[in-house]
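**Student:** could you work out the structure for the sequence below:
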Amino acid sequence: MSGTGFWTFGGWLGDSRHFIARGAEEIALVDAETGNWRELLPIRAQEQALSFSRDTMTLLVETASADGDIWIFETAEGDG
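**Tutor:** The predicted structure follows:
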């Protein structure tokens with residue numbers, strides 16, 4: 001994961017192979033074995049926090065804002 005500056009670790013998925021990370025311009029799903037990653041959500045604000053539910057089926061993305069959006073990222077069975 002390079003080319004866009006810093007990355008902040010968001011948490012491991014239940015398969016212990018994939019994790020979520022926040023970069024300067026996106027939130028990404030990363031494969032720790034291959035290093036491949038794909039964008040899940042473009043972002044605009046630097047002040048965003050990531051956290052998972054205990055079962056890692058729900059990702060919370062928080063940002064300070066007067067308005068808010070709620071996004072739900074759910075993994076399909078067998079889709080890391």
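**Student:** tell me which residue is most central in the chain.
**Tutor:** Central residue of the chain (C-alpha atoms, centre = their mean): residue 20, 3.6 Å from the mean position.
**Student:** strands of this protein, start to end?
**Tutor:** Chain-ordered strands for the chain, with DSSP state E as the definition, fall at 8-12, 18-22, 26-31, 37-42, 48-52, 59-63.
**Student:** just those strands: most buried one?
**Tutor:** When neighbours are counted by mean count of other C-beta atoms under 10 Å, the highest per-stretch mean among those falls to strand 18-22, a mean of 21. All C-beta atoms are positioned from the backbone trio N, CA, C, and that covers glycine.
**Student:** for stretch 43-56, measure first residue to last.
**Tutor:** By C-alpha to C-alpha, to the nearest Å, the extent of stretch 43-56 from end to end equals 21 Å.
**Student:** roughly how far does residue 54 sit from residue 30?
**Tutor:** Using C-beta to C-beta, to the nearest Å, one obtains 21 Å as the distance from residue 54 to residue 30.
**Student:** again but with residue 16, I slipped
**Tutor:** Plainly put, residue 16 is 13 Å away from residue 30 if you go by C-beta to C-beta.
**Student:** where does pLDDT dip in the protein?
**Tutor:** Counting by pLDDT under 70, the chain has low-confidence residues at 1-5, 44-48, 64-68, 77-80.
**Student:** mind running it again at 90?
**Tutor:** Segments of the chain classed as low confidence (criterion: pLDDT under 90) are 1-15, 20-28, 35, 40-80.
**Student:** I figured residue 52 hits residue 11, correct?
**Tutor:** Yes: because the distance of 4.5 Å satisfies C-beta atoms under 8 Å, residue 52 is recorded as touching residue 11.
**Student:** intersection of neighbour lists for those two?
**Tutor:** Here residue 52 and residue 11 share the contacting residues 20, 59, scored by C-beta atoms under 8 Å, 6 or more residues apart in numbering.
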